[in-house]
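Engineer: What follows is a predicted structure for the sequence shown.
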Amino acid sequence: MALRTLITRKSPISTHLGFRGLQTFSLPDLPYDYGALEPAISGEIMQLHHQKHHQAYITNYNKALEQLDSAISKGDASTVVKLQSAIKFNGGGHVNHSIFWKNLAPVLEGGGEPPKASLGSAIDNHFGSLEALIQKMNAEGAALQGSGWVWLAVDKELKHLVVETTANQDPLVTKGPSLVPVIGIDVWEHAYYLQVFLSFSSYLNVSFLAQV
Amino acid sequence: MAATAATSISSPLKCGLFSSTPGFSWSTRSLQFRKNERQNARKATRGVITAKIDLKPPPYPLDALQPHMSRETFEYHWGKHHRAYADNLNKQIVGTELDRKTLEEIILLTYNKGDLLPPFNNAAQVWNHTFFWESMKPGGGGEPSGELLDLINRDFGSFEAFVKEFKTAAATQFGSGWAWLVYKANRLGVGNSVNPRPSEEDKKLEIVKSPNAVNPLVWDYSPLLTIDVWEHAYYLDFQNRRPDYISVFLEKLVSWEAVSARLEAAKARAAEREREEERKKNEYEDDDEVVDNSEPTELYLESDEDDSAAD
């Protein structure tokens, strides 16, 4: 069991089929160095956030999936139900952070530049301007009590952009099956706390812009 | 259809426990609150002096808990977070009917049986943090004694078993929240239920955890001890290592004297309430009333039965 975990963690591909056919997950690499987003987000935060927090979600997600697999094959319905919150917390944490890393980019690679083309015009059409969208996301993020995420999303059914928030690690789909995330801002305190000298609203600003 | 949908799309967080986005998810009750706010605001500007919720400092200097909890943590945790909750609460209640109430009253009113009104978060967090500072002391830790220890042994088996359960609760509160030791006097776990044969054993210690700003006052329990497990409480000193923070809290910071004093007060309150209920019961019996008219005390309902009210 420990050996299998070791193999999974060293595996270059992001998923691995265990001997029962159960997929396990491993930490995706960041497409940039930890320090590449400074001064907006510090290397210390990026490293902790990636190597500790995201890794913990993955580790616990894998554990929960294994327990789920075992409970399903035993027909243990109450354990299956009991595991749902662990799966939502940890699986959601993995899903959300994977999106987060991909969306961030260092300034040298275009991070922080205003959106162009269809995204740019969609933002202007629906929110009036980029500034108005930033203001709205900032307000929603600041108003969120506790831990969660702020999202810019496409509503596939209604065919336009929306701003949404989710609590804890709930993925965006929990707010609506037709919502597709475009930008997510992690507003858990771990995402910005070590840079407390930065105000929270600065953090919202910079992580929004870094993802755009 | 699309036009109306566009305006309502950024829509409310429906889950009562996490509902907090101002202006979006208010029920009709909170609209009433808002209307009163406007009416009372006129009175306030005529120079009416109203009560304010004060920010109390911790009962020790900000560096007194070093190295276990740093001065820097206190500067942010008390100086910014706690202060912001108090300032924002005062802004929210000024000129409203909540203005002259005690903090506990504001908490219970705005908890609104789980359908949180906007001031709840700030009010509860003001209370929670004061309770938290007072749960710690310089040179804290060690073990409880006296009646507190007796009850811990009775209700958890041993102090070690209590520690294990408390640590687990604090470590598994996902996201932001608190873990608590509470005194639960004769309260059964189900709302509105009445204990048919109350006994001393029913007056129990329990460990509970709560999300965000929620605290056991809203469940009609008496809090005895708390640990803040919002990330801001430990991130500067421990980063992601919440279990280490919890261990240090128990080993080096907790003030068992404070917990014992709170237990005494809780028992006194429970005894007083029992005498009150007994007195009321006797009154009605004396009046030859057959019907049980005793008012059910407001108890926290875990699930809101009336689901049809939500959109």
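Structural biologist: Perfect, thanks for sending it.
Engineer: for the chain, which spans come out with low pLDDT?
Structural biologist: Since you didn't name a chain, this refers to chain A. Chain A contains residues with pLDDT under 70 at A:1-21, A:196-202, A:206-212.
Engineer: right idea, wrong chain: chain B
Structural biologist: Counting by pLDDT under 70, chain B contains low-confidence ranges at B:1-51, B:186-195, B:287-311.
Engineer: Which stretches in it count as strands?
Structural biologist: Assigned by DSSP state E, the strands in chain B fall at B:177-185, B:203-211, B:222-228.
Engineer: So which elements touch the first one?
Structural biologist: Meaning strand B:177-185. Contacts defined by 3 or more Cβ pairs under 8 Å, 6 or more residues apart in numbering or on different chains; DSSP states H and E place strand B:177-185 against helix B:159-172, strand B:203-211, strand B:222-228, helix B:256-286. Every C-beta, even on glycine, is put in place using the N, C-alpha and C of the backbone.
Engineer: Is any residue of stretch A:46-53 near chain B?
Structural biologist: Yes: on the criterion Cβ under 8 Å from any Cβ of the partner chain, stretch A:46-53 is in touch with chain B at A:L48, A:K52, A:H53.
Engineer: List only buried entries from these.
Structural biologist: A:L48, A:H53 (16 or more other Cβ atoms under 10 Å in any protein chain shown).
Engineer: Remind me which helix or strand the residue nearest in space to the middle of chain A belongs to.
Structural biologist: Nearest residue to the geometric centre of chain A (Cα atoms, centre = their mean): A:N96, 2.2 Å. Per DSSP states H and E, A:N96 falls inside helix A:84-103.
Engineer: quick one on the thing from earlier: please convert the helices and strands packed on strand B:177-185 to TSV, extending it with mean neighbour count and distance to chain A.
Structural biologist: TSV is the format used below for the helices and strands packed on strand B:177-185 (neighbours: other Cβ atoms under 10 Å in any protein chain shown; distance: least, Cβ to the nearest Cβ, whole Å):
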stretch	mean neighbour count	distance to chain A
helix B:159-172	17	9
strand B:203-211	19	7
strand B:222-228	24	12
helix B:256-286	14	26
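Engineer: The residue nearest in space to the middle of chain B: what's it in contact with?
Structural biologist: Nearest to the geometric centre of chain B sits B:N215, at 2.2 Å (Cα atoms, centre = their mean). Shown in contact with B:N215 (Cβ atoms under 8 Å, 6 or more residues apart in numbering or on different chains): B:I107, B:A124, B:W127, B:N128, B:F131, B:W178, B:W180, B:P223, B:T226.
Engineer: Just give the nearest non-adjacent residue to the third one, would you?
Structural biologist: In space, and not counting its chain neighbours, B:W127 is closest to B:L103: 5.4 Å by Cβ to Cβ, 6 or more residues apart in numbering or on different chains.
Engineer: Any idea how many residues pack against that neighbour?
Structural biologist: Neighbourhood size, B:L103 [other Cβ atoms under 10 Å in any protein chain shown]: 17.
Engineer: thought it was touching B:I53?
Structural biologist: Yes: when contacts are counted by Cβ atoms under 8 Å, B:L103 is listed as touching B:I53 (5.7 Å).
Engineer: Need the residues touching each of these two.
Structural biologist: With Cβ under 8 Å, 6+ apart, B:L103 and B:I53 have common neighbours B:A123, B:V126.
Engineer: Assess the claim that A:W188 and A:G148 are in contact.
Structural biologist: Yes: when contacts are counted by Cβ under 8 Å, A:W188 is listed as touching A:G148 (7.3 Å).
Engineer: Could you tell me which residues touch both of the two?
Structural biologist: Joint contacts of A:W188 and A:G148 (Cβ under 8 Å, 6+ apart) are B:G175.
Engineer: how about the strands in chain A?
Structural biologist: Along chain A, the segments classed as strands by DSSP E run A:15-17, A:23-25, A:148-155, A:160-167, A:179-186.
Engineer: now for the second one, which elements pack on it?
Structural biologist: Strand A:23-25 is packed against strand A:15-17, helix A:55-74, with contacts defined by 3+ Cβ pairs under 8 Å, 6+ apart.
Engineer: Closest to chain B out of the residues of stretch A:46-53 next to chain B?
Structural biologist: Nearest to chain B among the residues of stretch A:46-53 next to chain B is A:K52, at 4.2 Å by Cβ to the nearest Cβ.
Engineer: wait, that closest one sits on B:Q239?
Structural biologist: Yes: using Cβ under 8 Å, A:K52 makes contact with B:Q239 at a distance of 7.1 Å.
Engineer: Could you pull out the buried residues of stretch A:135-152?
Structural biologist: Buried residues in stretch A:135-152, counted by 16+ other Cβ under 10 Å: A:136-141, A:143-152.
Engineer: and these near chain B, which?
Structural biologist: Okay, of the buried residues of stretch A:135-152 touching chain B (Cβ under 8 Å from any Cβ), that's A:K136, A:E140, A:A143, A:L144, A:Q145, A:G146, A:S147, A:G148.
Engineer: Surely the first one is in contact with A:S129?
Structural biologist: Read it as A:K136. No: A:K136 is not in contact with A:S129 according to Cβ under 8 Å; the separation is 10.7 Å.
Engineer: and A:L194, how many neighbours does it have?
Structural biologist: 18.
Engineer: May I ask you to confirm that it is in contact with A:I41?
Structural biologist: No: under the criterion of Cβ under 8 Å, A:L194 makes no contact with A:I41, lying 9.8 Å away.
Engineer: before we move on, the earlier item: out of the strands of chain A, which is the most enclosed?
Structural biologist: Comparing these by mean neighbour count (mean count of other Cβ atoms under 10 Å in any protein chain shown), strand A:148-155 ranks first with a mean of 23.
Engineer: Other residues contacting it?
Structural biologist: By Cβ under 8 Å, 6+ apart, strand A:148-155 touches A:96, A:133, A:137, A:140-141, A:144, A:160-170, A:172, A:176, A:178-188, A:204, B:9, B:18, B:175.
Engineer: quick one: stretch A:49-69 to chain centroid distance?
Structural biologist: Centroid separation between stretch A:49-69 and its chain, computed with Cα atoms, centre = their mean, to the nearest Å, is 14 Å.
Engineer: Using PDB, list the CA coordinates for that stretch.
Structural biologist: The C-alpha coordinates for stretch A:49-69 follow below in PDB (Å, rounded to 0.1, in the frame of the first residue of the first chain):
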ATOM      1  CA  HIS A  49       0.100  26.600  -1.500                       C
ATOM      2  CA  HIS A  50       1.300  24.100  -4.100                       C
ATOM      3  CA  GLN A  51       3.400  21.600  -2.100                       C
ATOM      4  CA  LYS A  52       1.400  21.600   1.100                       C
ATOM      5  CA  HIS A  53      -2.100  22.600   0.600                       C
ATOM      6  CA  HIS A  54      -2.800  21.200  -2.900                       C
ATOM      7  CA  GLN A  55      -0.800  18.100  -2.200                       C
ATOM      8  CA  ALA A  56      -2.800  17.500   1.000                       C
ATOM      9  CA  TYR A  57      -6.100  17.700  -1.000                       C
ATOM     10  CA  ILE A  58      -4.700  15.200  -3.500                       C
ATOM     11  CA  THR A  59      -3.400  12.800  -0.800                       C
ATOM     12  CA  ASN A  60      -6.800  12.900   1.100                       C
ATOM     13  CA  TYR A  61      -8.700  12.600  -2.100                       C
ATOM     14  CA  ASN A  62      -6.900   9.500  -3.100                       C
ATOM     15  CA  LYS A  63      -7.500   8.100   0.400                       C
ATOM     16  CA  ALA A  64     -11.200   8.900   0.200                       C
ATOM     17  CA  LEU A  65     -11.500   7.300  -3.200                       C
ATOM     18  CA  GLU A  66      -9.900   4.100  -2.000                       C
ATOM     19  CA  GLN A  67     -12.200   4.000   1.000                       C
ATOM     20  CA  LEU A  68     -15.100   4.700  -1.300                       C
ATOM     21  CA  ASP A  69     -14.100   1.900  -3.700                       C
END
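Engineer: any residues touching it, and which ones?
Structural biologist: A:5, A:8, A:20, A:22-27, A:30, A:34, A:79-80, A:83, A:86-87, A:89-91, A:93-94, A:97, A:101, A:169, A:186, A:190-191, B:239-240.
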